[in-house]
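Q: I need the structure of the sequence given here:
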Amino acid sequence: MTARRKATGLALAGIAPLVLTVVTATPAAAHGSMTDPVSRVSACYAEGPESPKSAACKAAVQAGGAQAFYDWNGVRDGNAGGQSKTKIPDGKLCSANNPEYKGLDLARADWPSSRMAAGKHTFHYKATAPHKGSFELYITKAGYNPAKPLKWSDLESKPFAKVTDPTLTNGDYVFSGKVPARSGRHLIYSIWQRSDSPEAFYTCSDVVFGKDNGGQANGRAGGGSSATPGTPAPAASAPTDAQIAAGADKSSMDMGQHGHGTDAGHSPKADRSGHSGHSAAAAPAGAHPDGALQPADGKHLAETGGDSSTAPMAIGGAAVLAVGAAVLFATTRRKAARGR
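A: Numbering: from 1, shown residues only. Here you go, the predicted structure:
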């Protein structure tokens with residue numbers, strides 16, 4: 001081996017740690033939503049955030065803006081830490097107490113719904129950025145009234161399905177659970193708690209067992225619904241991959257490396273009308289802190305369970321290694337020149 005080749009090999013050896021540092025320091029984000037049964041936010045996104053078809057989705061857009069539905073995979077609390085039931089107040093379960101998604105909390109009996117039956121069911125959860133963690137699924141109790149704001153006490157105290165690190169198939173987490181017997185309109189609530197971060201994601205999926213009672217709330221008048229009594233609500237459809245791809249540029253959720261900060265998670269982007277559907281500044285201070293994660297130079301760091309020092313440390317370490325590699329390369333070249 002010539003001296004020049006030795007110099008090149010040593011230089012590459014010095015650069016290798018730099019490459020590894022950059023790769024391992026790259027942050028990753030976790031986002032997603034239930035698609036079977038279809039979540040409210042997924043159903044409204046599939047209808048089209050600018051011109052939804054159902055009365056419930058129209059009302060949700062009017063309440064919170066279209067941006068929330070372009071951000072369909074981000075209903076979250078960055079600092080949940082397994083304490084969802086104490087952190088999210090009654091009446092705000094579907095939005096996870098995030099003002100951007102307040103339209104999801106509307107108490108209505110005409111949300112687009114999925115057909116459901118008692119017994120074993122295979123659930124699908126679209127994960128645009130997968131991470132390790134556990135899923136818990138809760139169902140509303142018998143007598144649930146969808147025309148009233150959803151409270152924790154409306155849900156069974158224990159999940160009917162719970163799974164840790166389920167199989168990821170074609171971009172979906174797929175797992176099974178035994179659904180309890182119910183009749184009429186109900187709701188399935190999911191909590192996806194990451195194990196590598198305090199962040200958790202939430203969904204509300206409206207389901208119907210047997211006959212849909214439309215504007216009636218399980219036998220009682222659905223006062224919060226604009227549906228005509230006895231008129232079935234529309235069936236919910238999950239967004240297709242094409243729809244997800246088409247709306248990605250309108251989302252403020254980076255599908256690959258979205259970061260979260262203390263301003264409800266992200267910076268707003270304009271919708272198709274040119275107006276922002278929400279304002280991060282409008283969110284209550286500290287409403288959804290991401291724990292240790294903080295904005296850095298106006299940009300948010302994606303969550304990996306670390307803190308805001310992770311990226312600066314990685315960048316600083318990379319810089320030091322880069323300088324070291326350059327010095328090593330120059331030194332070995334000088335030695336090679338003297339050895340000729």
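Q: Do a quick rundown of the helices in the chain.
A: Secondary structure of the chain by DSSP state H: the helices cover 3-25, 40-47, 55-64, 67-70, 84-87, 241-247, 310-339.
Q: Could you name the helices and strands sitting against the fourth one?
A: In terms of contacts (3 or more C-beta pairs under 8 Å, 6 or more residues apart in numbering; DSSP states H and E), helix 67-70 is packed against helix 40-47, helix 55-64. (Glycine included, C-beta is placed from N, CA and C.)
Q: Now do that helix, average pLDDT.
A: The pLDDT scores in helix 67-70 average 94.
Q: Buried residues, that helix. List them.
A: Buried positions in helix 67-70, judged by neighbour count with 16 or more other C-beta atoms under 10 Å: 67, 68, 69, 70.
Q: Residues contacting stretch 153-160, please?
A: Contacts with stretch 153-160, where a contact means C-beta atoms under 8 Å, 6 or more residues apart in numbering, come from 90, 136-141, 144, 177-180, 187, 189.
Q: distance between the ends of it?
A: 15 Å (C-alpha to C-alpha, to the nearest Å).
Q: how about that stretch: buried residues?
A: For stretch 153-160, by 16+ other C-beta under 10 Å, it's 154, 155, 159.
Q: what's the domain layout of the chain?
A: Following automatic domain parsing, the chain resolves into domains at 3-25+306-339, 31-253.
Q: Residue 242: how many residues sit nearby?
A: Close neighbours of residue 242, defined as other C-beta atoms under 10 Å, add up to 8.
Q: do residue 87 as well
A: Around residue 87 there are 15 other residues, counting by other C-beta under 10 Å.
Q: Find me the pLDDT at it, would you?
A: 95.
Q: One more: residue 95?
A: Per-residue confidence (pLDDT) for residue 95: 97.
Q: Residue 19 now?
A: Looking at residue 19, its pLDDT reads 40.
Q: ok, now residue 183?
A: Predicted confidence (pLDDT) for residue 183: 95.
Q: I'd like to know how far it sits from residue 143.
A: Counting by C-beta to C-beta, to the nearest Å, the separation of residue 183 from residue 143 is 10 Å.
Q: So for those two, which sits in the more crowded spot?
A: With neighbours defined as other C-beta under 10 Å, residue 183 and residue 143 compare such that residue 183 has more, 14 against 11.
Q: got the contact list for the spatially closest residue to residue 237 that is not a sequence neighbour?
A: Leaving out its chain neighbours, the residue that sits closest to residue 237 by C-beta to C-beta, 6 or more residues apart in numbering is residue 46, at 4.9 Å. Applying C-beta under 8 Å, 6+ apart to residue 46 gives the contacts 38, 236, 237, 238, 239, 240, 243.
Q: And the residues you listed, which is closest to residue 212?
A: Among the contacts of residue 46, residue 236 lies closest to residue 212 (C-beta to C-beta), at 11.6 Å.
Q: need the contact list for that closest one.
A: Contacts of residue 236 (C-beta under 8 Å, 6+ apart): 37, 38, 42, 43, 46, 111, 112, 113, 114, 205, 206.
Q: Low-confidence stretches in the stretch 201-340 of the chain?
A: Under the criterion pLDDT under 70, the flagged ranges of the stretch 201-340 of the chain are 213-232, 254-340.
Q: and if we set it to 80?
A: Low-confidence segments of the stretch 201-340 of the chain (pLDDT under 80): 212-233, 253-340.
Q: Tell me which of the domains of the chain sits most buried.
A: domain 31-253 (a mean of 20; mean count of other C-beta atoms under 10 Å).
Q: That one: end-to-end distance?
A: End-to-end distance for domain 31-253, by C-alpha to C-alpha: 8 Å.
Q: Equivalent analysis for stretch 31-42, please.
A: Stretch 31-42 end-to-end distance (C-alpha to C-alpha) = 13 Å.
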